[in-house]
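Asks: Sequence first, then the predicted structure, then my questions.
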Amino acid sequence: MGKLIFFLITVLFIIIATKLYKGQWSWFIPEYNMLPEDKKKEYNKNKLCRAYSYCMIICALATFLLLLNEFFPSNILFAISCGLFVISMFFLIFWMLGIMLKSALMKILSIVSNILTR
């Protein structure tokens, strides 16, 4: 049963990654969808989708390694799989923090420039 679940999750990650890579399914990116329409225009939707697709590919690879681990039990496969998941999550977290920090920094810079130009 575990083998089937790992296989289905791998296929799901691959489908999501493919759709995101093509620029479709941007609704899958919660941070982007919570922005107002005027803020969405500041970001390149295709780049966002591609970055998320890379994370989905990494997750697909990790679940595929877990599937292989079901057939050929090995601590190394399990460790690599867990490492890939952690790398993918850190990438998403720090990437999203970078986007939010960039947005906050731009607001601060515009306030400072408005003060200086008075």
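Replies: Structure's in. What do you need?

Asks: tell me the contacts of residue 19?
Replies: Each residue near residue 19 by C-beta atoms under 8 Å, 6 or more residues apart in numbering is listed here: 25, 28. In this view, the C-beta of every residue, glycine as well, is placed from N, C-alpha and C.

Asks: what do you get if the cut-off is 7 Å, keeping everything else the same?
Replies: residue 25 (C-beta atoms under 7 Å, 6 or more residues apart in numbering).

Asks: Tell me where the chain has helices.
Replies: Under the criterion DSSP state H, the chain contains helices at 2-21, 30-33, 37-40, 45-71, 75-116.

Asks: quick one: buried residues of the fourth one?
Replies: Right, the one you point to is helix 45-71. By 16 or more other C-beta atoms under 10 Å, the buried positions in helix 45-71 come out as 48-49, 51-69.

Asks: Skip the chain neighbours and tell me the closest residue to the residue most central in space within the chain.
Replies: For the chain, the residue sitting closest to the mean C-alpha position, by C-alpha atoms, centre = their mean, is residue 52 at 3.4 Å. Spatially, and ignoring its direct neighbours in sequence, residue 52 is nearest to residue 20 (5.0 Å; C-beta to C-beta, 6 or more residues apart in numbering).

Asks: How about residue 32?
Replies: Closest to residue 32 by C-beta to C-beta, 6+ apart is residue 48, at 5.5 Å.

Asks: Identify the residues contacting the residue nearest to residue 87 when sequence neighbours are not counted.
Replies: The spatial neighbour of residue 87 that comes closest, neighbours along the chain excluded (C-beta to C-beta, 6+ apart), is residue 58 at 6.6 Å. Listed by C-beta under 7 Å, 6+ apart, the contact set of residue 58 reads 84, 87-88.

Asks: next one: residue 88
Replies: Residue 88 touches 55, 58-59, counting by C-beta under 7 Å, 6+ apart.

Asks: Let me know the closest of the residues you listed to residue 10.
Replies: Closest approach between the contacts of residue 88 and residue 10, by C-beta to C-beta: residue 59, at 8.7 Å.

Asks: residues in contact with the closest one?
Replies: Contacts of residue 59 (C-beta under 7 Å, 6+ apart): 13, 85, 88.
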